[in-house]
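Colleague: here are the coordinates; sequence isn't available:
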């Protein structure tokens, strides 16, 4: 890809594998593609969709601990700064694994995953879409619904064939019946269009919530029709990047806690809350390690 190239320093011990796995978890995605150690994704920058490629091929070489990223076309200094923030989000650089790993009791979770970070969506709105779409369905069906939404509204960017994720204004303008025709439930369609409308109108400021306490952010999100604790906490974890969030009620979290604690049954919501308390104020990273532990041998 021609364009402008930049580099971003990565911390010692940076682990590229989990980052690539997260962004490549939908092999059929129309809005991001992982090829080898490169993530390709259209982002909205300076008034339009632009393709960015993030190369992590050198990330795990201690002598070359950096990421290279390229974007099509020229970019202003302000645009470069915005792009760097997007790339840093996607690479999980808001996480603080050192502080978490220094906690008493964290070692039982870490295993061979030292340095694990939490990759975020390119912007908070994309996490909102994932959270609302993913309510009470499995990942593969959620990914299929998300693809249908993006294929309907997202413009194709260059020769990549990838599409830019539509913004809240575009989704807010949809008739929910358009989404139900794509296999969205009526409630899910209504919730997504309604939440997009709040964001587009400026009545829900995601950037403001990113600087709030977890309690404040959860209360503000749960006040919105269709948003319960799991949806709110997923947005807080993957979109806002808050460090002390446990998505209680998440199926994977419950299964991982059952294995960790050798429980006879999967813990209920109250038991999950109690089990996650010792990991405060780093429950987000604890959650990431618990999810990752599901791939460990039983």
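Modeller: Looks like it came in fine. Bear in mind that the values here come from a model prediction, so they are computed numbers and not experimental data.
Colleague: Pretty sure residue 249 sits against residue 229.
Modeller: Yes. Counting by C-beta atoms under 8 Å, residue 229 is a contact partner of residue 249 at 6.5 Å. C-beta here means a position set from N, CA and C on the backbone, and glycine is covered the same way.
Colleague: which stretches of the stretch 151-298 of the chain have low pLDDT?
Modeller: Counting by pLDDT under 70, the stretch 151-298 of the chain shows low-confidence ranges at 298.
Colleague: Enumerate every residue touching residue 280.
Modeller: residue 244 (C-beta atoms under 8 Å, 6 or more residues apart in numbering).
Colleague: ditto for the one 5 residues further on
Modeller: In this structure, residue 285 makes contact with 95-97, 100, 116-118, 243, 279, judged by C-beta under 8 Å, 6+ apart.
Colleague: Same question for residue 121.
Modeller: Counted by C-beta under 8 Å, 6+ apart, residue 121 has contacts 89-90, 127, 130, 238-239.
Colleague: my read: residue 204 touches residue 198, true?
Modeller: Yes. Residue 204 lies in contact with residue 198 (C-beta under 8 Å); the separation is 4.1 Å.
Colleague: Quick check: neighbours shared by these two?
Modeller: In contact with both residue 204 and residue 198: residue 224, using C-beta under 8 Å, 6+ apart.
Colleague: Between the two, which has more neighbouring residues?
Modeller: Neighbour comparison, residue 204 and residue 198: the larger count goes to residue 204, with 19 against 16 (by other C-beta atoms under 10 Å).
Colleague: any idea whether that one is helix, strand or coil?
Modeller: coil (DSSP: H, G, I helix; E, B strand; the rest coil).
Colleague: ok, now which ones touch residue 232?
Modeller: 131, 217-218, 221-222.
Colleague: Which among the residues you listed count as buried?
Modeller: Those of those that meet the buried threshold are 131, 217-218, 221, by 16 or more other C-beta atoms under 10 Å.
Colleague: taking these one by one, which sit in strands?
Modeller: Among the buried ones among the contacts of residue 232, no member falls in strands (DSSP state E).
Colleague: Inside helices: which ones of those?
Modeller: In helices, judged by DSSP state H, the following of the buried ones among the contacts of residue 232 are found: 131, 217-218, 221.
Colleague: Quick check: the gap between the spatially most distant residue from the centre of the chain and residue 277.
Modeller: Centroid-distance maximum for the chain: residue 264 at 31.3 Å, with C-alpha atoms, centre = their mean. To residue 277, residue 264 is 21 Å away according to C-beta to C-beta, to the nearest Å.
Colleague: now do residue 253
Modeller: Residue 253 sits 14 Å away from residue 277, going by C-beta to C-beta.
Colleague: out of these two, which sits in the busier spot?
Modeller: residue 253 (24 against 10).
Colleague: surely that one meets residue 237?
Modeller: No. Taking contacts as C-beta under 8 Å, residue 253 lies outside contact range of residue 237: 10.7 Å.
Colleague: Which neighbours do those two have in common?
Modeller: 247, 287.
Colleague: ok, now which ones touch residue 291?
Modeller: Contacts for residue 291 (C-beta under 8 Å, 6+ apart) come out as 252-253, 256.
Colleague: Hmm, residue 16 is touching residue 56, no?
Modeller: Yes. Using C-beta under 8 Å, residue 16 is in contact with residue 56, at 4.1 Å.
Colleague: Between these two, tell me which one has more neighbours.
Modeller: Set residue 16 next to residue 56 and count neighbours by other C-beta under 10 Å: residue 56 wins out with 23 against 19.
Colleague: Now stretch 157-171: buried residues?
Modeller: 157, 162-168, 170-171.
Colleague: Kind regards, and thank you for your time.
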